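Novice: Next one to model:
(one chain, ligands or ions: 1)
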Amino acid sequence: MKSTLSGLRVFLVILGAFAMLRVFAPGGQAPVHGADNAAKTESGSASMVTVRVLDKEGKLTEPVKVARVELSDLEWQKRLQPEQFRILRAKGTERAFCGTLLDNKKHGYYLCAGCGLPLFHSGAKFNSGTGWPSFFQPVGKENIIEERDTSHGMVRVEIMCARCDGHLGHVFEDGPAPTGLRYCLNSESLTFVDDADAKSAGEEVPVQTAAATSESKFTPAEPKVVTRLPLPKDDTPLATETGEAKAVFAGGCFWCTEGVFDGIDGVKDVTSGYANGDPARANYEAVCEGDTGHAECVQITYDPSKVTYGRLMRIFMGTHNPTTMNAQGPDHGTQYRSAIFYTNEDQKKVAESYIQELSATSLFNGKKIVTAVEPLKGFYPAEDYHQDFVKLNPSYPYVRAHMPEKMKKREELLKE
Ligand SMILES: [Zn+2]
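Specialist: Next up, the predicted model:
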């Protein structure tokens with residue numbers, strides 16, 4: 001989910017260049033909002049990737065660091081045609097011999113249909129007889145991510161665009177010389193630009209602040225120094241008997257908040273959902289609009305004889321940024337507000353007192369804690385595909401960008 005907005009900025013530049021030639025035909029429109037908010041990971045650096053791009057002269061560059069293109073499914077849906085979305089974003093496959101680029105004999109570059117990254121050149125195209133466009137090598141190993149794919153009862157190596165993670169196809173070891181590899185592509189994953197027109201697909205090559213490295217895969221953000229939060233002074237004591245209680249916390253994208261609380265001692269269940277807001281619009285699409293009043297949150301079911309509300313709250317406060325109003329990392333909007341939804345007076349007391357306690361320290365670099373303490377008026381579980389998202393999608397770019405730091409902080413917080 002969640003757009004990486006500096007990705008969008010690069011995307012806009014590319015889109016602008018492409019729009020002229022309509023290489024980018026896929027019914028998409030340039031994003032109009034938020035494009036000037038630089039996307040930052042929580043460590044403060046935009047999420048980057050090292051790849052080869054086409055420069056303004058239409059020449060392939062050496063590997064350079066550029067911002068990743070990271071958009072929500074909704075944004076991709078707006079930008080891509082349905083068949084492109086099915087293949088690039090949902091890892092679909094087009095029928096053999098049906099792709100529009102299978103018999104393309106022109107000389108030029110094959111670009112990612114999602115983000116415009118050059119992926120293959122006609123010089124490496126060959127007729128594999130399989131019914132899908134085939135190449136024996138990409139324009140640079142940096143531009144392709146390879147991942148083991150065990151779906152459909154087979155072990156294959158999936159190939160994806162290194163800048164937007166769009167699904168392209170698979171690579172097999174039965175290709176021709178000189179590489180012996182066969183990169184098997186879906187036409188819908190690609191757009192073609194003639195050598196003579198390559199200039200039009202060129203982009204501003206960013207000035208490199210440091211020598212580009214040869215890393216070819218997305219590098220997750222470096223974990224920040226972990227801040228050790230004190231234990232809450234006014235916590236409720238552990239219950240004497242086993243039982244069940246609920247805690248509802250909102251700290252930005254619920255995928256990661258759920259991931260943080262999953263598996264903690266005393267936590268029986270974590271459900272992603274929407275807190276408060278208009279009950280009639282408690283669904284992801286509506287909540288993304290930002291005007292439903294909901295907050296993306298998790299409902300934690302825990303055993304109060306094993307873990308206290310205050311300790312859970314401490315993990316919550318220590319693994320998200322409680323100082324940014326209506327925003328968390330790259331996500332902006334009231335649905336990403338930092339909030340605690342109390343279900344009884346005891347929880348309210350612990351929450352207010354701990355926030356006061358933390359506010360008196362300089363643990364958050366002297367920034368004001370803006371975490372709201374609100375009564376829980378309604379909790380609406382999110383759609384099934386949002387549940388256990390981190391567990392089920394560990395390599396999803398958003399998860400890779402944000403979870404390592406959160407888990408590192410959680411580890412520190414669980415030490416005492
Ligand atoms: Zn791409």
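
Novice: contacts and neighbour counts: CA atoms only from here.
Specialist: Noted.

Novice: Settle this for me: Gly202 is touching Tyr109, isn't it.
Specialist: No - contact status for Gly202 versus Tyr109: not in contact, 11.2 Å apart, counting by C-alpha atoms under 8 Å.

Novice: Please identify which of those two sits among more neighbours.
Specialist: Higher neighbour count among Gly202 and Tyr109: Tyr109, with 26 against 23, using other C-alpha atoms under 10 Å.

Novice: these two touch, right, that one and Pro118?
Specialist: Yes - applying C-alpha under 8 Å as the test, Tyr109 and Pro118 come out as touching, 6.3 Å apart.

Novice: Helix or strand next in line after whichever strand or helix holds Thr271, which one?
Specialist: In this structure, Thr271 sits in strand 267-275 according to DSSP states H and E. Helices and strands here follow DSSP H and E; after strand 267-275, the next one along the chain is helix 284-288.

Novice: Quick one: list the elements packing against the helix or strand just after that following helix.
Specialist: Sequence-wise, the next helix or strand beyond helix 284-288 is strand 295-302, with elements assigned using DSSP H and E. Packed against strand 295-302, as judged by 3 or more C-alpha pairs under 8 Å, 6 or more residues apart in numbering; DSSP states H and E, are the following elements: strand 245-251, helix 254-261, strand 267-275.

Novice: other SSEs contacting the shortest one?
Specialist: If I follow you right, that is strand 245-251. Using 3+ C-alpha pairs under 8 Å, 6+ apart, strand 245-251 is in contact with strand 295-302, helix 309-319, strand 338-342.

Novice: same question for that strand, mean pLDDT?
Specialist: Mean pLDDT, taken over the full extent of strand 245-251, equals 97.

Novice: hang on, the earlier thing: and the strand holding Thr271, how far out from the chain's middle?
Specialist: Taking the mean C-alpha point of strand 267-275 and that of its whole chain, the gap between them comes to 20 Å (C-alpha atoms, centre = their mean, to the nearest Å).

Novice: which other residues reach that strand?
Specialist: Strand 267-275 is contacted from outside by 254-255, 258, 261-262, 282-283, 294-303, 307, 341, 376-383, 386-387, using C-alpha atoms under 8 Å, 6 or more residues apart in numbering.

Novice: Tell me how many other residues surround Cys256.
Specialist: The local packing of Cys256 (other C-alpha under 10 Å) involves 26 other residues.

Novice: now do Ala286
Specialist: Neighbour count for Ala286, taken as other C-alpha under 10 Å: 14.

Novice: so it makes contact with Gly293?
Specialist: No - because the distance of 10.2 Å does not satisfy C-alpha under 8 Å, Ala286 is recorded as not touching Gly293.

Novice: Now the common contact residues for those two.
Specialist: Between them, Ala286 and Gly293 share no contacting residue, judged by C-alpha under 8 Å, 6+ apart.

Novice: tell me which element the residue lying farthest from the centre of the chain falls in.
Specialist: Relative to the centre of the chain, and counting by C-alpha atoms, centre = their mean, the farthest-placed residue is Thr240 at 41.7 Å. With the criterion set as DSSP H and E, no secondary-structure element contains Thr240; it sits in neither a helix nor a strand.

Novice: which residue packs closest to it, ignoring adjacent ones?
Specialist: By the measure of C-alpha to C-alpha, 6 or more residues apart in numbering, the closest residue to Thr240 outside its immediate chain neighbours is Ser305, 5.8 Å from it.

Novice: Does Gly290 touch Thr334 like I think?
Specialist: Yes - applying C-alpha under 8 Å, one finds Gly290 in contact with Thr334, separated by 5.9 Å.

Novice: and the residue lying closest to Ala382 once chain neighbours are set aside, what pLDDT?
Specialist: Spatial nearest neighbour of Ala382, excluding adjacent residues (C-alpha to C-alpha, 6+ apart): Gly273 at 4.2 Å. In this model, Gly273 is scored at 97, pLDDT.
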